[in-house]
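**Student:** quick one: sequence and predicted model below, then my questions.
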Amino acid sequence: MTLGRSLLGIVVPAGVLTAAWFLAPRLAELPASLAGLKEYTAYAALGLGLVVSLAFRRGRVVLALLVLALAYASYAPLVHDALAGFRSRTVFVALSVFVPLNFAALCLLPERGLFNSHGMQRLGVLVLEIIFTLWMVFAVNPAMTTWAYGPLFETTLFAASPIPQLGLAAMVLGLVTIVVACVIQRTPIDLAFAAAAVAFGI
């Protein structure tokens with residue numbers, strides 16, 4: 001990849017993220033007739049991405065979009081509950097840990113498609129993460145969730161953040177891994193993973 005294409009691959013996602021950052025608060029100002037845009041635009045974008053990824057046999061991208069779709073579908077109930085309940089807190093910490101680490105793992109793994117043993121193994125890992133999270137939620141055993149929200153280091157630096165230190169550590173580790181992979185591999189897909197990881201963290 002040339003320097004120009006590398007810069008373009010960074011500038012375009014950065015521009016999209018910046019535009020989304022400024023436009024997101026204005027969604028609340030949409031008239032009632034356009035209220036559906038707030039609910040279904042993200043799903044439409046994710047669905048279109050899945051179709052394109054399947055058409056081009058990009059198994060890593062398909063799995064990354066599935067991760068984002070699951071995270072987005074879980075986000076609305078979390079916001080509605082204001083992270084006050086045990087189940088919301090459990091799902092929130094699971095998302096903050098699993099999503100960035102999944103992005104990092106997909107960035108490191110070679111492209112092997114989806115409808116084969118390699119793709120099924122990777123999809124199986126995602127299914128195991130869902131099962132583990134559901135087990136934590138419905139087992140109603142707060143010990144593990146309490147541990148996950150416990151501080152890794154005694155500091156007030158992140159006291160105002162709703163994301164537990166474990167989740168912040170996973171995000172930093174995931175982003176660093178993706179950036180290193182981008183520098184070494186220099187592929188557009190890896191740059192897209194980096195943009196997705198930053199967007200998720202924001």
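**Tutor:** On my side now, so go ahead. Residues are numbered from 1 along each chain as shown.

**Student:** do you know how far the nearest residue to Gly201 once chain neighbours are set aside is from Arg87?
**Tutor:** Ranked by C-beta to C-beta, 6 or more residues apart in numbering and with sequence neighbours excluded, the top spatial neighbour of Gly201 is Met171, at 5.1 Å. Just so you know, the C-beta spots here come from the backbone N, C-alpha and C atoms, and that holds for glycine as well. As judged by C-beta to C-beta, to the nearest Å, Met171 and Arg87 stand 22 Å apart.

**Student:** Leu65: neighbour count?
**Tutor:** For Leu65, the count of nearby residues is 22 (other C-beta atoms under 10 Å).

**Student:** show me where pLDDT drops low in this protein?
**Tutor:** 1-39, 76-84, 159 (pLDDT under 70).

**Student:** all helices of it, in order?
**Tutor:** Remark: helices assigned in the chain by DSSP state H are 3-23, 35-55, 59-81, 86-108, 117-138, 142-149, 165-185, 188-201.

**Student:** so how far is Phe56 from the residue nearest to Gly201?
**Tutor:** Distance, Met171 to Phe56, by C-beta to C-beta: 28 Å.

**Student:** who's more crowded, those two?
**Tutor:** Met171 (22 against 9).

**Student:** check contacts around that one.
**Tutor:** The contact partners of Met171, taken as C-beta atoms under 8 Å, 6 or more residues apart in numbering, are Ser96, Pro100, Ile163, Ala197, Phe200, Gly201.

**Student:** how much space separates it from Gln121?
**Tutor:** 25 Å.

**Student:** equivalent analysis for Phe138, please.
**Tutor:** 26 Å.

**Student:** do Phe115 as well
**Tutor:** 12 Å.

**Student:** one more: Leu166?
**Tutor:** In terms of C-beta to C-beta, Leu166 sits 26 Å off from Gln121.

**Student:** out of these two, which sits in the busier spot?
**Tutor:** Leu166 (17 against 10).

**Student:** now that one: closest residue in space that isn't a chain neighbour?
**Tutor:** Ala148 (5.2 Å).

**Student:** show the contacting residues for that neighbour.
**Tutor:** Here Ala148 is in contact with Val93, Val97, Pro164, Leu166, Gly167 (criterion: C-beta under 8 Å, 6+ apart).

**Student:** of those residues, which is the nearest to Thr177?
**Tutor:** Closest to Thr177 out of the contacts of Ala148 is Val97 (14.0 Å), distances taken as C-beta to C-beta.

**Student:** so what touches stretch 49-65?
**Tutor:** 46, 66, 69, 102-103, 106-107, 109, 111-114, 118-119, 122-123, 126, 189, 192-193, 196.
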